[in-house]
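A.B. asks: got a predicted structure here, sequence first:
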Amino acid sequence: MKWSDKGHELDKYGEELVHDFQKKEENILIFGAGLLGEEYRPFFEKLGCFAGYIDNDKGKQESGVNGAQVISLEDYFDEGKTGIIMIAADEKNIPAMESQLRKAGLKEQKDFYTYREFMKTVYPVLSVYVYNQFYVEQAQICLTERCSLKCKACAHGCYAVDAGSQDMSLEMAKESADCFFERVDLVKEFVLIGGEPLLYRELDKIIAYIGEKYREKMICFSITTNGTIMPEQKILELCKKYRVLIRISNYSAELKYLEKKYEKLKEELRRHEITYRMSDRDSHWMDYGFETLDRGGKEEELIQVFDRCGTTCREIRGNRYYYCVMARSVSDNLGFGLGEDDYLDFKEVKDKKVLLEYEKGYSDKGYLDMCNHCNGADAVQYPIPVAEQL
Ligand code: SF4
Ligand code: SF4
């Protein structure tokens, strides 16, 4: 989307939300006091608007959940409570819960939302317009573009990066975090990534720096690794201290030898009480087409491609905030030299409404140069095997 009224693009929607929200005494209730509800509760506690749970389970109504009150839908009305209700439940249970709310006379997209629509559409706008808090779903720092593997379809183009190439300096990594957190009040997931981040010689220092200064502004702090390198003791200790989630990309379907490494890595992580998640072994990648596709550069088409894409993978490099980490890294690593101005300069923008608009996909151009060479949302139609090596 192209900016036509920078800083005011979302005013109409934002003001309507504020109006509705204030009528509801600025309360959010989560319908579903299960694991998903507990996952989303901190988002509202951070803003000070969490008003408890609604749940059909009588046991939960009696005991509460981790100190939070749980009431039935009947009690919600009987006690004259007001609030916006966010349904947090398994997809299969959502239709029945929506129907329960509709039957009680509540309106969809006004009185209640599913967690997906609420967190994507409402929460970021509410944060800025009511609380002047800027929320970002995901952001990452690529500490190094070097990698211990050479996947031929690497979405960052890391296979083209020389083993001796220079990493981001520690100063720049710190500046990246400082610039980001000076403007961002809450991020769902903040990721240290590569290439392979365990190749970064100062990984311990940057975990400690970010963990110490900014851990409270993150719901999740994570490192994504391909699992080929065992982290040193001091890194494991820091990951435990700052509650860093280790995300292991599972390439063992293609690279059988990794199975043993993964087992050892998982054992070490368990021993240090570090949480980890492993991606699905039998998944597939998508071909973005960066090296083969050329759309011909028509502005209207590129804006459509960008708008349909909706990637959440932001990247911070110093004062530069890139909308799409793949666009920046592929262009740099494969020497395309495209999109050199396709970023927001943190040093020039402080207005949280402008930041929110950028986050929602507004920019001066309305697309990125790399969208001309990318399948975008259609990449799902081009599945490719995971981690085939060059
Ligand atoms: S996909 Fe991951 S493991 Fe493979 S080359 Fe790229 S950064 Fe390395
Ligand atoms: S279309 Fe491709 S290049 Fe453009 S934002 Fe989406 S993933 Fe990035």
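C.D. replies: Sure thing, it's come through. Residues are numbered from 1 along each chain as shown. Ligands and ions are numbered 1, 2, ... in the order given.
A.B. asks: so where do the helices sit in the chain?
C.D. replies: 11-23, 35-47, 58-63, 73-78, 94-103, 115-117, 123-131, 170-183, 203-214, 233-241, 258-271, 299-309, 325-333, 352-359 (DSSP state H).
A.B. asks: next, format those as a markdown table and append mean neighbour count, distance to R281 and mean pLDDT.
C.D. replies: All C-beta spots, glycine's among them, are computed from the backbone N, C-alpha and C. Shown next, in a markdown table, are these (neighbours: other Cβ atoms under 10 Å; distance: least, Cβ to Cβ, whole Å; pLDDT from 0 to 100):
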| stretch | mean neighbour count | distance to R281 | mean pLDDT |
| --- | --- | --- | --- |
| helix 11-23 | 13 | 42 | 93 |
| helix 35-47 | 17 | 23 | 96 |
| helix 58-63 | 12 | 35 | 97 |
| helix 73-78 | 14 | 41 | 94 |
| helix 94-103 | 14 | 29 | 97 |
| helix 115-117 | 16 | 26 | 96 |
| helix 123-131 | 20 | 33 | 96 |
| helix 170-183 | 18 | 31 | 98 |
| helix 203-214 | 18 | 26 | 98 |
| helix 233-241 | 17 | 23 | 98 |
| helix 258-271 | 15 | 9 | 98 |
| helix 299-309 | 16 | 27 | 97 |
| helix 325-333 | 23 | 23 | 98 |
| helix 352-359 | 21 | 33 | 98 |
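A.B. asks: dump the ones you listed into CSV; add distance to ligand 1 as well.
C.D. replies: Output for the helices of the chain, formatted as CSV (distance: least, Cβ to the nearest ligand atom, whole Å):
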stretch, distance to ligand 1
helix 11-23, 37
helix 35-47, 26
helix 58-63, 41
helix 73-78, 46
helix 94-103, 34
helix 115-117, 27
helix 123-131, 29
helix 170-183, 17
helix 203-214, 15
helix 233-241, 18
helix 258-271, 10
helix 299-309, 19
helix 325-333, 9
helix 352-359, 25
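A.B. asks: list the contacts of D294.
C.D. replies: N372, H373 (Cβ atoms under 8 Å, 6 or more residues apart in numbering).
A.B. asks: related to what we said a few turns ago, out of the helices of the chain, which is closest to I141?
C.D. replies: Judged by Cβ to Cβ, the one of the helices of the chain that comes nearest to I141 is helix 170-183, at 5.1 Å.
A.B. asks: the helices of the chain into CSV, with extra columns for distance to V191?
C.D. replies: CSV is the format used below for the helices of the chain (distance: least, Cβ to Cβ, whole Å):
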stretch, distance to V191
helix 11-23, 28
helix 35-47, 17
helix 58-63, 33
helix 73-78, 37
helix 94-103, 28
helix 115-117, 21
helix 123-131, 19
helix 170-183, 12
helix 203-214, 11
helix 233-241, 13
helix 258-271, 17
helix 299-309, 19
helix 325-333, 9
helix 352-359, 16
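A.B. asks: which among the ones you listed is found nearest to K152?
C.D. replies: Comparing the helices of the chain by Cβ to Cβ, helix 325-333 comes nearest, at 13.2 Å.
A.B. asks: just checking, what packs against the closest one?
C.D. replies: Using 3 or more Cβ pairs under 8 Å, 6 or more residues apart in numbering; DSSP states H and E, the elements in contact with helix 325-333 are strand 135-142, strand 314-317.
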